[in-house]
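# Below are the sequence and a predicted model for it; my questions follow.
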Amino acid sequence: MTTWFIADTHFGHEMILRHSKRPFSDVYEMDNELIHRWNARVAPNEDVYHLGDFSFRATRTPDYYLSQLHGRIHIIWGNHDKDTQKYSNMFASHQEVLYLKLNKKKITLYHYAQRVWRDSHHGSWHLYGHSHGSLPHYHRSMDVGVDAHDYAPISFEEIQAYMNTQPVTNHHPEEAV
């Protein structure tokens, strides 16, 4: 069973097409394609961690999208989740930040990118969204937003393969001498 990560779907948000230069003709095509790509990767019994901005200014309510998506969806609230928060009972869990331990890896899940995070100097990972692929990854941190990953969730295994090639954050430079 695989664990998945995603952020910044912005279901129903027409302006995101232009803001993020998404390659869809309209918001309905975007929504349908995001749902299709999500369900093509995620099985109904797998965990998905959504790192914020689930839907925004949509003509449909968040439960419309949730009812179509595979997986047990855990949400980390983003800055555009005010309306989505009204549907918090439909998520497997909901929180501002989550410290997760998965396959012996410590992972900080937060909507916003950080330069240092809990246990970063010990090799932990930081997964985030918000930046829509505009920030370079920094050490063992990664933007898991749809704009950076072909509009689909990314698996733990895919993230692990990347993270294994990245340096550990050294926030005590005097110790490196």
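Looks like it arrived, so ask away.
# what about Asp26, distance to Asn39?
20 Å (Cβ to Cβ, to the nearest Å). Quick note: C-beta positions are derived from backbone N, CA and C, even for glycine.
# Where do the strands of this structure begin and end?
4-6, 47-50, 72-76, 93-95, 97-102, 105-110, 125-128, 141-143, 154-155 (DSSP state E).
# Which residue ranges of the chain form helices?
Ranges of helices within the chain are 16-19, 27-41, 62-66, 156-163, based on DSSP state H.
# By mean pLDDT, point me to the weakest helix or strand of the protein.
The weakest-scoring helix or strand in the chain, judged by mean pLDDT, DSSP states H and E, is helix 16-19 (a mean of 85).
# which other residues reach that helix?
If you take Cβ atoms under 8 Å, 6 or more residues apart in numbering as the criterion, helix 16-19 is touched by His10, Arg22, Phe24, Asp26, Val27, Met30, Phe56, His132.
# shaky segments in this protein?
Scanning the chain for pLDDT under 70 picks out 171-177.
# contacting residues for the nearest residue to Ala148 once chain neighbours are set aside?
Nearest residue to Ala148 in three dimensions, chain neighbours excluded: Gly133, at 3.6 Å (Cβ to Cβ, 6 or more residues apart in numbering). Gly133 makes contacts with Ser20, Asp143, Gly145, Asp147, Ala148, as judged by Cβ under 8 Å, 6+ apart.
# Return the distance of Gly133 relative to Ala7.
For Gly133, the distance to Ala7 equals 10 Å [Cβ to Cβ].
# Look up the residues that both of those two are in contact with.
Listed as contacting both Gly133 and Ala7 by Cβ under 8 Å, 6+ apart are Asp143, Gly145.
# gap between the residue nearest to His13 when sequence neighbours are not counted and Pro62?
Spatial nearest neighbour of His13, excluding adjacent residues (Cβ to Cβ, 6+ apart): Phe56 at 4.2 Å. Separation of Phe56 from Pro62 (Cβ to Cβ) stands at 10 Å.
# these two touch, right, Ala148 and His132?
Yes. If you go by Cβ atoms under 8 Å, Ala148 and His132 touch, sitting 7.4 Å apart.
# Neighbour count for Asp26 and Asn39, which is higher?
Comparing Asp26 with Asn39 by other Cβ atoms under 10 Å, the one with more neighbours is Asn39, at 16 against 10.
# Any idea how many residues pack against the nearest residue to the more buried one once chain neighbours are set aside?
Using Cβ to Cβ, 6+ apart and skipping the chain neighbours, the partner closest in space to Asn39 is His70 (4.9 Å). His70: 18 surrounding residues under other Cβ under 10 Å.
# Lovely, talk soon.
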